[in-house]
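Peer 1: I need the structure of the sequence given here:
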Amino acid sequence: GLGMLYGISLAVSMCAGLTALSLGSMAITTMLASFSLIIPCFAGLVFLDESLSAAGMVGLVLLALSVILLNKKKSTSPISGKCWFFSLLTMVTNGICSVIQKLHQVRFPGEYQVEFMLFAMAVAALLLLIFDRIPRGSDNKQPQEPTDIRTVLLGSAAGVCNCISNFLTLSLAAGENASVLFPV
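Peer 2: As a prediction, the model looks like this:
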């Protein structure tokens with residue numbers, strides 16, 4: 001169940017992030033996505049009774065300050081509501097992925113990591129294939145051009161790196177506080 005939830009959240013996060021990047025500012029999208037660490041941080045503090053060090057508190061204050069400064073910065077082009085929506089959706093679903101990883105390792109410390117990741121990645125891949133077949137509105141009436149080999153290779157490399165990164169994070173989640181692991 002946790003693997004399926006993780007796969008769903010990962011697929012939504014990837015689609016939302018790519019949509020946000022296509023709609024607006026890369027700086028805003030990546031900045032908001034990086035704020036996803038707030039979710040597992042607070043989940044660890046509130047639900048898993050983790051403690052926060054003085055350095056961790058300073059880190060959270062600096063993170064809050066960066067959000068404030070990000071919102072005060074005058075952009076040369078306004079950010080669309082759709083871009084904000086998809087950026088925030090990316091942030092939330094990324095955070096949910098981290099919480100699910102931690103919950104899995106709280107329940108099964110050091111166990112079933114390979115099985116979790118295989119099932120989660122299979123669910124994510126299936127959902128991404130389904131999402132790819134959904135029509136994207138009236139502006140996309142022309143048939144899609146075939147994907148070139150470079151795109152397939154780069155996409156495959158990104159997917160493999162994503163899987164390895166998530167597996168390593170899952171491995172670390174068994175022995176490290178969420179409030180420390182995910183900000184790092």
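
Peer 1: ok, so what distance separates Ser22 from Thr30?
Peer 2: 13 Å (CB to CB, to the nearest Å). From N, CA and C alone the C-beta is placed, and that goes for glycine too.

Peer 1: So between those two, which is more surrounded?
Peer 2: Thr30 (15 against 11; other CB atoms under 10 Å).

Peer 1: Return the per-residue confidence for the more buried one.
Peer 2: Looking at Thr30, its pLDDT is 84.

Peer 1: which SS class is it?
Peer 2: helix (DSSP: H, G, I helix; E, B strand; the rest coil).

Peer 1: Please enumerate the helices of the protein.
Peer 2: Under the criterion DSSP state H, the chain contains helices at 2-23, 26-34, 38-47, 54-72, 81-107, 113-133, 149-173, 178-181.

Peer 1: which parts of the first one are buried?
Peer 2: What it means is helix 2-23. 2-3, 5-17, 19-21, 23 (16 or more other CB atoms under 10 Å).

Peer 1: Against Leu118, how distant is the residue nearest to the spatial centre of the chain?
Peer 2: Centroid check for the chain by CA atoms, centre = their mean gives Asn94 as the closest residue, at 2.5 Å. To Leu118, Asn94 is 21 Å away according to CB to CB.

Peer 1: Do I have it right that Phe86 meets Met14?
Peer 2: No: using CB atoms under 8 Å, Phe86 is not in contact with Met14, being 11.3 Å away.

Peer 1: now Ala122, nearest residue through space, not along the chain?
Peer 2: Gly7 (7.0 Å; CB to CB, 6 or more residues apart in numbering).

Peer 1: Surely the one you found is in contact with Leu118?
Peer 2: No: contact criterion CB under 8 Å: Gly7 and Leu118 do not qualify, at 10.1 Å.

Peer 1: now Leu128, nearest residue through space, not along the chain?
Peer 2: Here the residue nearest Leu128, using CB to CB, 6+ apart, is Ala11, at 5.3 Å.

Peer 1: ok, now which ones touch that neighbour?
Peer 2: Ala11 sits next to Val123, Ala124, Leu127, Leu128, Phe131 when contact means CB atoms under 8 Å, 6 or more residues apart in numbering.

Peer 1: gap between the last one and Ile8?
Peer 2: Taking CB to CB as the criterion, Phe131 is separated from Ile8 by 11 Å.

Peer 1: Repeat that for Gly175.
Peer 2: Here Gly175 is placed at a distance of 26 Å from Ile8 (CB to CB).

Peer 1: Tally up the residues packed near Leu69, please.
Peer 2: Leu69 has 9 nearby residues by other CB under 10 Å.

Peer 1: ok so, going back, if I pick the residue nearest to the centre of the chain, what's in contact with it?
Peer 2: Asn94 sits in contact with Ser13, Ala33, Ser36, Ile39, where contact means CB under 8 Å, 6+ apart.

Peer 1: All good on my end, thank you.
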